[in-house]
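Q: Predicted model follows, preceded by the sequence.
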Amino acid sequence: MKWTFALIFLLTCSTSLFAQTPAAWKVELDEVKVYTWEEAKSADPDTIYGISLSKLKLEELPSELSKFKNLRVLNLHRNKLTKLPDFICEFKNLEDLTVSRNKLELFPLQVCRMPSIKRLVLNQNFFENIPDCIGFSTELRYLDLYDTPIRSLPNSLTELKHLEEIDFSGIRFGPTFQENWIGLLPNVKLIFDAPCDCME
């Protein structure tokens with residue numbers, strides 16, 4: 001159902017988007033070798049560029065993770081995290097952060113101190129607002145907010161010159177909200193479900 005509505009909306013707005021080939025940054029990040037946490041713990045931290053702690057039922061991240069200063073990819077999908085530790089900000093090379101399907105009630109402000117982030121996946125969490133400081137994530141290309149109850153967006157999103165795509169599917173917005181943001185971000189692929197007049 002999610003993709004049915006999203007595809008219908010996109011087809012009416014910009015069919016040329018589907019002809020695009022994957023961006024070089026996506027290909028590069030997808031080629032980073034991602035280790036499990038058990039594999040990473042027994043390796044030299046300086047040699048590890050990708051780690052997955054997915055599906056470990058974590059309520060907080062292990063402090064040992066802070067040793068991996070060269071991380072470019074970090075996958076924290078499907079845990080029980082309510083916040084991120086401050087040491088995440090020390091990952092100066094981190095480009096791909098996934099914290100989907102967790103229990104975040106507030107947008108993780110640490111992201112605003114990580115200017116290298118290109119792909120940020122925060123879907124299926126509980127926060128309702130994106131802070132103005134997202135404008136400091138100057139390299140951000142892709143933002144996934146699917147099925148997160150977003151109610152407002154900051155104008156600082158318009159300052160992200162490299163932004164390519166935001167996934168808003170699974171979130172109910174009114175037609176005015178959608179039209180407004182399509183106008184503010186004309187060069188960004190915005191994935192919306194069909195607008196709902198009930199939100200006006």
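A: Alright, I've got the coordinates.

Q: End to end on stretch 143-161, go ahead and measure it.
A: By Cα to Cα, to the nearest Å, the extent of stretch 143-161 from end to end equals 14 Å.

Q: Same check on stretch 91-105?
A: When the termini of stretch 91-105 are compared using Cα to Cα, they are 23 Å apart.

Q: cool, stretch 158-165 as well?
A: Stretch 158-165 has an end-to-end distance of 12 Å (Cα to Cα).

Q: what's in contact with it?
A: Residues from elsewhere that reach stretch 158-165 (Cβ atoms under 8 Å, 6 or more residues apart in numbering): 23, 118, 134-135, 137-143, 157, 184-185, 188-191. Bear in mind the C-beta positions are built from the backbone N, C-alpha and C, glycine included.

Q: how about that stretch: buried residues?
A: In terms of neighbour count (16 or more other Cβ atoms under 10 Å), stretch 158-165 has its buried residues at 160, 163-165.

Q: Closest one of those to residue 90?
A: Residue 90 has its nearest neighbour among the buried residues of stretch 158-165 in residue 160, at 22.8 Å by Cβ to Cβ.

Q: circling back: can I get the buried residues of stretch 158-165 in a markdown table including secondary structure, distance to residue 103 and pLDDT?
A: Output for the buried residues of stretch 158-165, formatted as a markdown table (DSSP: H, G, I helix; E, B strand; the rest coil; distance: Cβ to Cβ, whole Å; pLDDT from 0 to 100):
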| residue | secondary structure | distance to residue 103 | pLDDT |
| --- | --- | --- | --- |
| 160 | coil | 26 | 97 |
| 163 | coil | 26 | 98 |
| 164 | coil | 28 | 98 |
| 165 | strand | 25 | 98 |
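
Q: would you turn those residues into JSON lines with distance to residue 107?
A: Below are these laid out as JSON lines (distance: Cβ to Cβ, whole Å):
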{"residue": "160", "distance to residue 107": "15"}
{"residue": "163", "distance to residue 107": "16"}
{"residue": "164", "distance to residue 107": "20"}
{"residue": "165", "distance to residue 107": "18"}
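
Q: So which of the contacts of stretch 158-165 sit within helices?
A: Among the contacts of stretch 158-165, DSSP state H puts residue 184 in helices.

Q: Which of the contacts of stretch 158-165 fall within strands?
A: With strands defined by DSSP state E, the entries of the contacts of stretch 158-165 inside them are 142-143, 189-191.

Q: quick one: which of these is nearest to residue 88?
A: Comparing the ones in strands among the contacts of stretch 158-165 against residue 88 with Cβ to Cβ places residue 143 closest, at 17.1 Å.

Q: Perfect, that will be all.
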